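A.B. asks: Using only what follows, build the 3D model:
(one chain, ligands or ions: 3)
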Amino acid sequence: MQSLTILGSTGSIGKATLSVIQQHTDKFFVYALIAKNNVSVMTEQCIMVRPKFACMICEDSAKKLKKNLITAGKHNIEVLSGSINACELAAIDDVDMVMSAIVGIAGLKPTFSALRAGKKILLANKEILVTCGKLFMQESRRYHSCILPIDSEHNAIFQNLPVTCQKNLGHLSISEYGISRIVLTASGGIFFKIPQEKLATITPEQACVHPNWSMGRKISVDSATMMNKGLEYIEARHLFNAAPHEIEILLHPQSIVHAMVYYKDGNILAHLAPPDMTIPIAYAMAYPNRIKLKPSSNISVDCFNKLSFYQLDNQKYPCLQLAIDADNCSQAATIILNAANEVAVEAFLNRMISFTAIPNIIRHVLDKINLDDPNNIEDVLYIDQKAREKAISICIE
Ligand SMILES: NC(=O)C1=CN([C@@H]2O[C@H](COP(=O)(O)OP(=O)(O)OC[C@H]3O[C@@H](n4cnc5c(N)ncnc54)[C@H](OP(=O)(O)O)[C@@H]3O)[C@@H](O)[C@H]2O)C=CC1
Ligand SMILES: CC(=O)[C@@H](O)[C@H](O)COP(=O)(O)O
Ligand SMILES: [Mn+2]
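C.D. replies: Ligands and ions are numbered 1, 2, ... in the order given. Below is the predicted model:
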């Protein structure tokens, strides 16, 4: 039996992880669930999977949860609060695997805590690699922690890598293992369907509906602006130790082919699966074995016939280009990009700014803040804070 801590259990990835666990209770069990303040979902999850610990970042939410669990007769689930406890539950000896599915840079500290305890990390959170990919990959080697990518495209690439590259993720040259390039597919988000001139009036409700995936609000907006693909480009650079010329992005509106790996001998290994996150999650949890999953949907022959691919014009997608430029510039720039994006997306979701203001705010913050690259997590959080302050001041102007 393998035990898990789920960071961000009440979110989209957290729920998908619990669904995989529920299908394999003979193989996996939940040790700890962690979320911020969604007491009702956390209460349901605690009743369903009976973890040893449940931790809410917000203290008031923890009190409410405790009350709910006592009412439900679940006296033996220990309820904790705060981020220090979350970090401890990610590193505790009794835990084998940690699902990193807190959204945004808030996931950084507990995930590093798990990494430094040498856990198997199921890495859904992409903002960690965007803000401190180099540090994260260095520490994974130092603490012998195994990283399994959960992001669908990166999980797909991982599945098509030579085993030696999988076992030394991010530390070998993919070129020396016969790979010429890796291809990330992009659905195209809202840009694909809505004419440029209508983008300014897009509402949060429209932006949060993804054509193929059901996801949390922040990543749904990122996908609509194509910042998601920019973050995924940076994520791939670190995870696979890939040079800029070794990564290509291809538009593929159906989200069935998640990635392709081009080998120098002419072989191209593509990965296909229905757009359902339980699939990469189950793969990563069972790795190097494979487990059975209830099919969410099938890919029909008709569906195969309708797969389409288009070259991408980066200039058309300002957020994607900003991410690539920031990555070319420095690690500090990618921290600033990420912080400004998190603030701008939140402001858009709260109807404070328009959809098309998002890239302008990020560009402005990148232009105004110039800081040295970080040497440690504290530096990363300092740069993040400075960029956040600037972005907030622009959003409330
Ligand atoms: N959804 C998807 O299909 C995919 C997601 N990812 C990545 O996975 C991560 C999670 O995404 P998703 O599940 O969609 O996000 P959701 O918004 O659905 O869930 C976010 C989770 O994080 C928790 N959380 C938010 N802020 C904090 C905080 N400060 N401290 C602790 N917990 C916090 C939330 O708790 P609460 O509910 O209590 O607020 C919730 O459990 C993101 O980084 C995303 O980019 C990657 C690929 C696909
Ligand atoms: C499920 C997943 O991995 C998302 O990151 C997805 O990739 C979003 O798709 P697009 O960003 O291509 O719209
Ligand atoms: Mn993805």
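A.B. asks: Count the neighbours of the residue lying closest to residue 146 once chain neighbours are set aside for me.
C.D. replies: Excluding the flanking residues, the one nearest residue 146 by CB to CB, 6 or more residues apart in numbering is residue 120, at 4.7 Å. All C-beta atoms are positioned from the backbone trio N, CA, C, and that covers glycine. Here the number of neighbours of residue 120 (other CB atoms under 10 Å) works out to 19.
A.B. asks: List the contacts of residue 120.
C.D. replies: 96, 97, 98, 145, 146, 148 (CB atoms under 8 Å, 6 or more residues apart in numbering).
A.B. asks: would residue 33 count as being in a strand?
C.D. replies: Yes - secondary structure assignment places residue 33 in a strand (DSSP: H, G, I helix; E, B strand; the rest coil).
A.B. asks: what bridges to it?
C.D. replies: For residue 33, the beta-bridge partners under DSSP bridges are residue 6, residue 54.
A.B. asks: Settle this for me: it is touching residue 7, isn't it.
C.D. replies: No - counting by CB atoms under 8 Å, residue 33 sits too far from residue 7 to count as a contact (9.0 Å).
A.B. asks: And those two? Which one has more around it.
C.D. replies: Remark: of residue 33 and residue 7, residue 7 carries more neighbours, 31 against 28, as counted by other CB under 10 Å.
A.B. asks: quick one on the thing from earlier: wait, which of the contacts of residue 120 is closest to ligand 2?
C.D. replies: The closest of the contacts of residue 120 to ligand 2 turns out to be residue 148 (CB to the nearest ligand atom; 14.1 Å).
A.B. asks: For that closest one, what are phi and psi?
C.D. replies: Residue 148 adopts backbone torsions of phi -120, psi 120, taken as degrees, to the nearest 10.
A.B. asks: on that earlier part again, which of the contacts of residue 120 fall within strands?
C.D. replies: Here DSSP state E is the test, and the contacts of residue 120 give 97, 98, 146, 148 as lying in strands.
A.B. asks: Go through those residues and give me the one with the most neighbours.
C.D. replies: Busiest of the ones in strands among the contacts of residue 120 [other CB under 10 Å] is residue 98, holding 30 neighbours.
A.B. asks: Give me the distance between that residue and residue 148.
C.D. replies: Going from residue 98 to residue 148 by CB to CB, to the nearest Å gives 11 Å.
A.B. asks: Need the overlap of contacts for these two.
C.D. replies: Contact criterion CB under 8 Å, 6+ apart; residues shared by residue 98 and residue 148: 120, 121, 122.
A.B. asks: can I get the ones in strands among the contacts of residue 120 in TSV with pLDDT and distance to residue 154?
C.D. replies: Shown next, in TSV, are these (pLDDT from 0 to 100; distance: CB to CB, whole Å):
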residue	pLDDT	distance to residue 154
97	98	17
98	98	17
146	95	15
148	98	10
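A.B. asks: and the residues you listed as a markdown table, adding distance to residue 370?
C.D. replies: Output for those, formatted as a markdown table (distance: CB to CB, whole Å):
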| residue | distance to residue 370 |
| --- | --- |
| 97 | 39 |
| 98 | 35 |
| 146 | 36 |
| 148 | 36 |
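A.B. asks: By mean pLDDT, flag the weakest helix or strand of the protein.
C.D. replies: For the chain, the helix or strand with the lowest mean confidence is helix 301-305, at a mean of 92 (criterion: mean pLDDT, DSSP states H and E).
A.B. asks: Now do the next helix or strand after that one: distance to the chain's middle.
C.D. replies: Going down the chain from helix 301-305, the next helix or strand is helix 318-329, by DSSP states H and E. In this view, helix 318-329 has its centroid 18 Å away from the chain centroid, taken as CA atoms, centre = their mean, to the nearest Å.
A.B. asks: Now the element after helix 318-329, going C-ward?
C.D. replies: Next helix or strand after helix 318-329 toward the C-terminus (DSSP H and E): helix 331-349.
A.B. asks: Could you report the neighbour count for the closest residue to residue 56 other than its chain neighbours?
C.D. replies: Spatial nearest neighbour of residue 56, excluding adjacent residues (CB to CB, 6+ apart): residue 62 at 4.1 Å. By other CB under 10 Å, the residues close to residue 62 number 21.
A.B. asks: list the contacts for residue 99?
C.D. replies: 4, 5, 6, 7, 8, 13, 14, 17, 122, 124, 150, 281.
A.B. asks: would you list those in JSON lines and tack on secondary structure, distance to ligand 1 and pLDDT?
C.D. replies: Below are the contacts of residue 99 laid out as JSON lines (DSSP: H, G, I helix; E, B strand; the rest coil; distance: CB to the nearest ligand atom, whole Å; pLDDT from 0 to 100):
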{"residue": "4", "secondary structure": "strand", "distance to ligand 1": "14", "pLDDT": "98"}
{"residue": "5", "secondary structure": "strand", "distance to ligand 1": "12", "pLDDT": "98"}
{"residue": "6", "secondary structure": "strand", "distance to ligand 1": "8", "pLDDT": "98"}
{"residue": "7", "secondary structure": "strand", "distance to ligand 1": "7", "pLDDT": "98"}
{"residue": "8", "secondary structure": "coil", "distance to ligand 1": "3", "pLDDT": "98"}
{"residue": "13", "secondary structure": "helix", "distance to ligand 1": "4", "pLDDT": "98"}
{"residue": "14", "secondary structure": "helix", "distance to ligand 1": "5", "pLDDT": "98"}
{"residue": "17", "secondary structure": "helix", "distance to ligand 1": "9", "pLDDT": "98"}
{"residue": "122", "secondary structure": "strand", "distance to ligand 1": "10", "pLDDT": "98"}
{"residue": "124", "secondary structure": "coil", "distance to ligand 1": "4", "pLDDT": "98"}
{"residue": "150", "secondary structure": "coil", "distance to ligand 1": "6", "pLDDT": "98"}
{"residue": "281", "secondary structure": "helix", "distance to ligand 1": "10", "pLDDT": "98"}
